[in-house]
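In: Show me how the following folds:
(chains A and B)
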Amino acid sequence: DTGVSQNPRHKITKRGQNVTFRCDPISEHNRLYWYRQTLGQGPEFLTYFQNEAQLEKSRLLSDRFSAERPKGSFSTLEIQRTEQGDSAMYLCASSRTGQGGNTIYFGEGSWLTVV
Amino acid sequence: AQTVTQSQPEMSVQEAETVTLSCTYDTSESDYYLFWYKQPPSRQMILVIRQEAYKQQNATENRFSVNFQKAAKSFSLKISDSQLGDAAMYFCAYIRGDSSYKLIFGSGTRLLVRP
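Out: Sure, this is the predicted structure:
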């Protein structure tokens, strides 16, 4: 396994701009998750895909946020019209169904700073 | 709603000594899993240890072990022979067994290791 890969690792953007993050899950993991973490806090669940289907979205995910997982492989998280409150680390994670499927593996995260 | 509480914002341990990090959780479910994740300054969330609620035996992984008290809803992490590389934020997390897509994290405990 090469692990969960995220890019870019860091992004600084001006308020009002759009940003997109990409996540490549562990191969053969059919479940993919996005979490958000602010300084001093634990990660908070944003959304979840099983294969290409987005099955759950948190109320934290406003209409400016959209996530996709075409073909059930990599995923993108887009934030439109960024606000300073969007500054956080966005963590992607993956897991597989079946034995051990409740174990979720995280990527290194993508830091977003909105100035 | 399920909650996870870590009451120790920061702990300190002398290198080679043993330290225990506390975690309590609240759930009405009988099928669930508990995890400890480590987040070093690099920010990647690394799985340390996992415990299935239906198992009475406490999980162990090398120098890491848990004390799982199901009735008390307590799940503490013991780190033996502490090393400098153990310094990190430690997060306790819970996930339901039947809808294993939403990890619920505690607020974390920062572990300092004194040389």
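In: From here on, just use CA atoms for contacts and neighbour counts.
Out: Fine.
In: Which residue is the nearest non-sequential neighbour of B:P41?
Out: In space, and not counting its chain neighbours, B:P41 is closest to B:A88: 6.7 Å by CA to CA, 6 or more residues apart in numbering or on different chains.
In: residue contacts, the one you found?
Out: B:K38, B:Q39, B:P40, B:P41, B:R110, B:L111, B:L112 (CA atoms under 8 Å, 6 or more residues apart in numbering or on different chains).
In: Name the residue of chain B that lies nearest to chain A.
Out: Scanning chain B for the residue nearest chain A gives B:Q44, at 4.3 Å (criterion: CA to the nearest CA).
In: for that residue, phi and psi?
Out: Reported as degrees, to the nearest 10, the phi and psi values for B:Q44 are phi -70, psi 130.
In: surely it meets A:G109?
Out: Yes. B:Q44 sits in contact with A:G109 when judged by CA atoms under 8 Å, with a separation of 6.6 Å.
In: out of the two, which sits in the more crowded spot?
Out: A:G109 (29 against 16; other CA atoms under 10 Å in any protein chain shown).
In: so how far is A:N7 from the more buried one?
Out: 8 Å (CA to CA, to the nearest Å).
In: Then A:G42?
Out: From A:G42 over to A:N7 (counting by CA to CA), the distance is 21 Å.
In: Those two: who's more crowded?
Out: More crowded of A:G42 and A:N7, by other CA under 10 Å: A:G42, with 21 against 17.
In: Leaving out chain neighbours, which residue sits closest to that one?
Out: Spatial nearest neighbour of A:G42, excluding adjacent residues (CA to CA, 6+ apart): B:S107 at 4.9 Å.
In: Assumed that neighbour was part of a helix.
Out: No. Going by DSSP: H, G, I helix; E, B strand; the rest coil, the assignment for B:S107 is coil, not a helix.
In: Does it touch A:L39 like I think?
Out: No. B:S107 lies out of contact with A:L39 (CA under 8 Å); the separation is 10.4 Å.
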